[in-house]
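Participant: coords please:
(2 chains)
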Amino acid sequence: MKWTWFHRLGSPKWFFEKSGKWLPWLVWVSIGLLTTGVVWGLAFAPPDYQQGNSYRIIFIHVPSAFLAQACYVTMAIAGAVGLIWKMKLADMAAKCCAPIGASFTILALLTGAIWGKPTWGTWWEWDARLTSMLILLFLYLGFIALENAIDNVQTAAKACAVLALVGLVNIPIIKYSVEWWNTLHQPATLKLTEKPSMAPEMLVPLLICIAGFYCFFLVVFLYRLRNEILWRERRTQWVRLWMKRFQ
Amino acid sequence: MGLLSAFQLIVKRDLLLAFRRRAEIVNPLIFFLLVASLFPLGITPERKMLALIAPGVIWVAALLAVMLSLDQLFKHDYDDGSLNLLVLSPVPLFWLALAKVLVHWLVSGALLLLFTPILALMLHLPDTAWWPLLASLLLGTPLLSLIGAIGAALTVGLKKGGVLLSLLVLPLNIPVLIFGSGAVIAATQALPYEGQLLWLAVLLVLGITLAPFAIAAGLRISVSE
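Facilitator: The predicted model follows:
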């Protein structure tokens, strides 16, 4: 196994060229998956025997809650890679993840509130899962604030990486909050090790939605990252050449 | 220099410095008493209600008071350049950071402990909850110092780090607050509270072993600026 690909991945120029080729594909795949999943879930999946149609928000809620956590882990891993191997690209990746993750967290909290009103009879409850998701949002906001407060790009990246790694302790708390504490929020719908508790007619569109959200995340992430690469490498020859195409 | 003597030296030096700047120790204490006494004025002086909210009020006031003193934790050392020397010294930085955190806890969290019985009395906390309150604060306030020191280390180089520091540290402190006040609330309702105290102990062990590395990393980053 050659490890050269890993080092090439750290080169902004190489990554910019490669990701430019992946992007159109990813855009189409995510549009396809999202429309299939959302239309199937919202219009064709059978209503729930208890909750009727209000359960349909899980097709948005569950994928965004997944992504909110996955984004934080990605950010922390990118931060760690940046700290250990001092890769410029990893620093940029961590920075680009934060606003996307914060948006997914807000989306998960909002859709949860909209679903909670008809089902639990309340917009907000100080339940373990809800509270730990709110903490996650604050962690993202703290990361963004620290990034903005430090002028030196490299110092900011290092400081943010440390903060992201420290905040990682919250992720298992969110993940297991519904199992450790008996609270209002229902236990996980999907588990890797067990047979799903959902009917396949509902499960399949949900899985498609999750895949679609992941692809959508990749698309947005790559756009942000490419933008960041152009900005930070703006003084290099290859960026100047690339920009000439638009003049 | 041996690890232990370096540790002792830092503790002695910081205690002496803290003693010379008494106002910085006293102000958070006054703040602690002041914030806690605002609640009876702001909500209700009624006995039952106060006993109900006392655990949370004392814990939140303690958290904010520790927060207030964090800003200065590395500031003086950063300003006069001694932080640079600490980073350059052959003694591992995480070890020195642990000594500094210990002193911070002694002059903030540990001193707050002395005042909590007064507050517990004033807020009519039931007698049965006194020991859980002291125990939870004894386990929890060192954690507040440890977690807070990470934020203080990351923001020490910034001119206006104060508000940012609370923004970074408060979310990380929420689990400590939940378990700490949870133990006291359980005790006021005559429920078992050992579980929450054990959780705090677990977090404290984790904090003592891992936080110094994050603090050291944060200090290195801030000094290299």
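
Participant: What residues sit buried inside the helix or strand where B:Leu85 lies?
Facilitator: Assigned by DSSP states H and E, B:Leu85 belongs to helix B:82-88. Applying a neighbour-count criterion of 16 or more other C-beta atoms under 10 Å in any protein chain shown, one finds B:83, B:86 buried in helix B:82-88. Quick note: C-beta positions are derived from backbone N, CA and C, even for glycine.

Participant: Touching it from outside, list them.
Facilitator: Here helix B:82-88 makes contact (C-beta atoms under 8 Å, 6 or more residues apart in numbering or on different chains) with B:74, B:77, B:93, B:96, B:156, B:219-220, B:223.

Participant: Likewise for stretch A:139-159?
Facilitator: A:72, A:75, A:79, A:82-83, A:91, A:94-95, A:98-99, A:101-102, A:105, A:160, A:163-164, A:167, A:170, A:232, B:154-155, B:157-158, B:160-161, B:164, B:167-168, B:171-172, B:217-218, B:221-222, B:224-225.

Participant: Now list the buried members of those residues.
Facilitator: Applying 16+ other C-beta under 10 Å to the contacts of stretch A:139-159 flags A:72, A:75, A:79, A:82-83, A:91, A:94-95, A:98-99, A:101-102, A:105, A:160, A:163-164, A:167, A:170, A:232, B:154-155, B:157-158, B:161, B:164, B:167-168, B:171-172, B:217-218, B:221-222 as buried.

Participant: Kindly report the residues of chain A close to chain B.
Facilitator: Applying C-beta under 8 Å from any C-beta of the partner chain, we find that chain A lies next to chain B at A:83, A:131, A:135, A:138-139, A:141-142, A:145-146, A:149-150, A:152, A:155, A:158-159, A:162-163, A:165-167, A:169-170, A:173.

Participant: Nearest to chain A within chain B, name that residue for me.
Facilitator: The minimum distance from chain B to chain A, using C-beta to the nearest C-beta, falls at B:Pro171 (3.9 Å).

Participant: Just to be sure, that residue is in a strand?
Facilitator: No. Counting by DSSP: H, G, I helix; E, B strand; the rest coil, B:Pro171 is located in no strand; its state is helix.

Participant: For it, give me the pLDDT.
Facilitator: B:Pro171 carries a pLDDT value of 90.

Participant: do the same with A:Ala45
Facilitator: 80.

Participant: residues near it, how many?
Facilitator: 20 (other C-beta atoms under 10 Å in any protein chain shown).

Participant: cool, the one 5 residues further on as well?
Facilitator: With neighbours defined by other C-beta under 10 Å, the count for A:Gln50 comes to 8.

Participant: same check, this time on the one 4 residues further on
Facilitator: The number of residues packed near A:Ser54 is 16, by other C-beta under 10 Å.

Participant: Give the closest residue to it in space, chain neighbours not counted.
Facilitator: A:Pro118 (5.0 Å; C-beta to C-beta, 6 or more residues apart in numbering or on different chains).

Participant: in what helix or strand does that neighbour lie?
Facilitator: Going by DSSP H and E, A:Pro118 is in helix A:88-120.
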